[in-house]
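1. 3D model of this:
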Amino acid sequence: MVIVMFLAHLVGDYVLQWDRLARWKSREVKGVLAHGLIVSMVTLLFSLPFDPNWWPWALAIGLTHTAMDALPLALGKRISFTGSGAAALARFLVDQSVHIAVILAVLIASGYLTAPTLAVELLSELRASRWLAITLGYAFLTMPAWILVEFLVYGLVDGSAPDFSQAANKYVSSLERGLMTTCVLTGQMGLVPIVALPRLVFEGPRVKGSRQATLYVAELLASVALAVAIGLALRRL
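-> Residues are numbered from 1 along each chain as shown. The predicted structure is shown next:
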């Protein structure tokens, strides 16, 4: 159940939050409710094969997630949520940390984890369910990793918030990270640069000499580092 709940979070909060829904959620409560319903249903469906009686806890995660996503929209009337890239990165990290904390709290309250030995139990769960852990790692390498890389690069390198509507490489970079992680996971570390090379060769000239060149290289390096790190982590399980 532990790994499955984090997998449900990645699927509900990222994979199934398409661009139009994300924009709707940032403007209207109806968008927040639609996203919250998706998160709740994914959490419930993922939990059913493992514990059909766990539905109240799944509902608690979904409702809490919805309430937390609605809070910035409500506070936005009094507090400006625009700012520097560092501020945007901080808000993203805080938001995700709170969502993860809620999932952990629910797992502890329902008896699947215990607070004093939380880290040990999480590692044990990952090792005991290696294929689920690998699935979790690859799910993270898709939209979650892309969004994290965008926030990191724009916030730390450019000092601005990322404009996701202008991003053109999210699917290509997700595929690259998956291939690179597979290379690491199968012991073929030397193939990682080869996977990264085509995009650099074909798209490099397009951004050469422009302001986007630094951001492009930083995104590629961050993406490679993240894929390698996930691959090494999965190999150690």
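
2. in terms of contact, does residue 230 touch residue 141 like I think?
-> Yes: using Cβ atoms under 8 Å, residue 230 is in contact with residue 141, at 6.1 Å. All C-beta spots, glycine's among them, are computed from the backbone N, C-alpha and C.

3. neighbour-wise, which of the two wins?
-> Higher neighbour count among residue 230 and residue 141: residue 141, with 26 against 23, using other Cβ atoms under 10 Å.

4. Please determine how far that one is located from residue 133.
-> 13 Å (Cβ to Cβ, to the nearest Å).

5. Likewise for residue 233?
-> For residue 233, the distance to residue 133 - Cβ to Cβ - is 9 Å.

6. Show me which of those two is the more surrounded one.
-> Between residue 233 and residue 133, counted using other Cβ under 10 Å, the more crowded position is residue 133 (20 against 15).

7. just checking, that one touches residue 235?
-> No: taking contacts as Cβ under 8 Å, residue 133 lies outside contact range of residue 235: 11.2 Å.

8. Confidence-wise, which helix or strand of the chain is lowest on average?
-> One helix or strand of the chain scores below all others by mean pLDDT, DSSP states H and E: helix 192-207, with a mean of 75.

9. Which helix or strand contains the residue positioned nearest the centre of the chain?
-> What sits nearest the mean C-alpha location of the chain, by Cα atoms, centre = their mean, is residue 144, with 2.4 Å. According to DSSP states H and E, residue 144 maps onto helix 143-153.

10. domain parsing for this protein?
-> Following automatic domain parsing, one finds the domains of the chain at 2-129, 147-235.

11. Nearest to residue 137, out of these?
-> Smallest distance to residue 137 across those (Cβ to Cβ): 5.0 Å, for domain 147-235.

12. Could you point out which residue ranges in the protein have low pLDDT?
-> Where the chain drops to pLDDT under 70, the residues are 76-84, 164-168, 202-211.

13. packing partners for the helix or strand harbouring residue 100?
-> Following DSSP H and E, one finds residue 100 within helix 85-109. On a contact count with 3 or more Cβ pairs under 8 Å, 6 or more residues apart in numbering; DSSP states H and E, helix 85-109 meets helix 2-10, helix 55-75, helix 143-153.

14. What lies in contact with that helix?
-> Applying Cβ atoms under 8 Å, 6 or more residues apart in numbering, the contact partners of helix 85-109 are 1-2, 5-6, 9, 13, 57, 60-61, 64-65, 68, 72, 81, 113-115, 118, 147-148, 151-152, 154-156, 158-162.
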